[in-house]
Structures are given as C-alpha cells and as structure tokens.
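Novice: I would like the atomic coordinates for the input below:
(2 chains)
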Amino acid sequence: MTVSVVQFGGSNCDRDAVRALRHLGIDAERVWHEDGLPAEPDGIVLPGGFSYGDYLRAGAMAARAPVMEEVREAAESGVPVLGVCNGAQIGSESGLTPGAFTTNASARFQCEPVHLRVERADTPWTAAYDEGDTIEVPIAHGEGRFEIEADAHDELVAENRVLFRYCDETGAVTDAANPNGSTDNVAGVLGERETVAVLMPHPERATLPDVATSTDGAGMLEAFA
Amino acid sequence: MTEFTATVTVRLKRGVLDPEAETTKQALERLGFELSALRSADRFELDLEAEDAAAAEARAEEMAERLLANPTIHDYDVAVSER
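Specialist: Here you go, the predicted structure:
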C-alpha cells in the first residue's frame, strides 16, 4: 500500500499528510499532478492548501486538472480517496462528493481546534471510532461553510452520508459549535462510495504526538493501512 | 463567423448567505452611506467567434455550467452582443 498524495500548484499540506501517514506506518508519497497517478493507485489524498490561489472559487481550478479524471476513475473502482480542506473543496468542485464549501459565515479565515461528532463508525475512515464519539481536530480555512440544495441535503441525510458534524466538547451539535455556518453543522461527507470522503478539518494535523495537541485525527488516516 | 462578446453574470442563489457582500455593506455604512442591501456578482466577458448569437450563447452557457458557476450555490445568466 502506497498512498498517493496529489500535489497541485499551491498545495501546502502535502508534506504534512505524507509525514502523518508514514508516522502510522503507511507508505505514502507525493505525486505532482502533472505526472499523474501510478497505474494502480492504492490510496489517494487530496491535501489542503490554496491550489491556484483559490482563483474563481477554492478548488475550482484543481478540480478540473486532468489528474482528477484519474482520481475519479480510481474512486469509482473502489480506491480510497480522502480530501482534506482544500482537497475537500476540490472533491466537491469535481463532483466526487455532494454540496459545496464556500465563504465562512464570519467572512474570516479561521484557524482553531474544533470538535467533531462521528456520525458513522462503519466506514473505513471512522472504523477507529465509535458512532457518537467526539474528537478534536483543527480547522484552517476561509471557505469551509458547507452549502447544499435542500433536496440534495435531504438525500444526503437519508442516505446517511454525513460523516462528521461540528459539535461542542460534550458532543452536542449546536449553532455555537458551528465554526463557519455550515448547513446542518456538516464538517465532512461521503461520496457515492464509502471509500470516498472529504472533510474541512485536518486529520493530518491531529496525528503526530510531538506537534499536535490532539492525535484524534490518526484514526481517519488509518483507513489506508 | 461573427465576433461576439458573451457576458456571463454569476451570482449566489437567493437565500445563500453572502458574507463578503455583508462585509462590504457594513464598510459602506461605516463610510456614512445609507443602503438597505448589497448583492455582489461575478461578471465574465468572453470574446468569441461563432456562427450566430445562439451558438455563442450556447457555448458561453456550457462554460458557465462547467466552470464559471457552481450549480450548488450559483445562478447565472448570459447576454450576447456582436462585437
């Protein structure tokens, strides 16, 4: 298993993701988007950053890069794909996952630890947790407000594809615990397959015990083990 | 072939929160202006050659669908004029 961490111009969490994965004993390497994915990728991370300067909309340019066709094909064949922060924006812009991530309700860039409620524990991304667990993972984004059309939101909930919701430290999903105004406090969602997930918080920044105040994010990366 | 300019205006759907517009409105109010609402939009002017205005409009609409707008949050309209 070698995880391909796709680096676009302006990605800046690609090294962090590789380091966090290797810390967990999972082989990972950065892949420059123009070089394309390996013939048979074992796993894919779309890392955080500011690809293409967030031109037009965050993730809009990277979502239309040719490598995303390869990512889509891999996702459809069951290869695990995780989009983090800008990678989540790229995932939604490319149609891998539903909804959109847009300007925070505060109109500010927010860099802070948040709590997430694990809404499902029966996916590869959350097998390390129990349903209803509260975990602490940081956010760092200006465009993380999850927006989705009402009928698509109903479908998302009915299909049980909300993976994480913002909550307080007791696990209560409240407006006060919603850092960016996301619809229904949604912090992360699944694609059509459970092997595809995106989230705005950074699991790779909550993995290494030497640099992080929480290692609660490691469980998500263990999906690649 | 005729030269056209297709103007694509992309705006947030009604009801979608626009924190940037709200911040801009507040800044105008701090400057002493009175206003009851502010909406912002992105405007793209595309110069292109096409058989006729309908073909130019169709191409600009496809550009809006595939890149310029995000259908989850945006509405858009296209206006075509001969250049």
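
Novice: just the strands in chain A please.
Specialist: A:2-7, A:27-32, A:43-46, A:81-84, A:100-102, A:110-118, A:134-141, A:145-147, A:162-167, A:186-190, A:196-199 (DSSP state E).

Novice: I meant chain B, not that one.
Specialist: Using DSSP E, strands in chain B cover B:2-12, B:41-50, B:74-82.

Novice: okay, these in JSON lines with distance to chain A next?
Specialist: (C-beta placed from N, C-alpha, C; glycine too.) Listed next are those as JSON lines, based on distance: least, CB to the nearest CB, whole Å:
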{"stretch": "strand B:2-12", "distance to chain A": "8"}
{"stretch": "strand B:41-50", "distance to chain A": "8"}
{"stretch": "strand B:74-82", "distance to chain A": "9"}
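
Novice: so which of the ones you listed comes closest to residue A:2?
Specialist: Nearest to residue A:2, of all the strands of chain B, is strand B:74-82, at 38.0 Å by CB to CB.

Novice: which strands and helices lie in contact with that closest one?
Specialist: strand B:2-12, helix B:53-63 (3 or more CB pairs under 8 Å, 6 or more residues apart in numbering or on different chains; DSSP states H and E).

Novice: list the contacts of the residue nearest to residue B:46 when sequence neighbours are not counted.
Specialist: Spatially, and ignoring its direct neighbours in sequence, residue B:46 is nearest to residue B:6 (4.5 Å; CB to CB, 6 or more residues apart in numbering or on different chains). Each residue near residue B:6 by CB atoms under 8 Å, 6 or more residues apart in numbering or on different chains is listed here: B:45-46, B:48, B:56-57, B:59-60, B:78-80.

Novice: out of the strands of chain A, which comes closest to chain B?
Specialist: Closest to chain B of the strands of chain A is strand A:100-102 (CB to the nearest CB; 4.1 Å).
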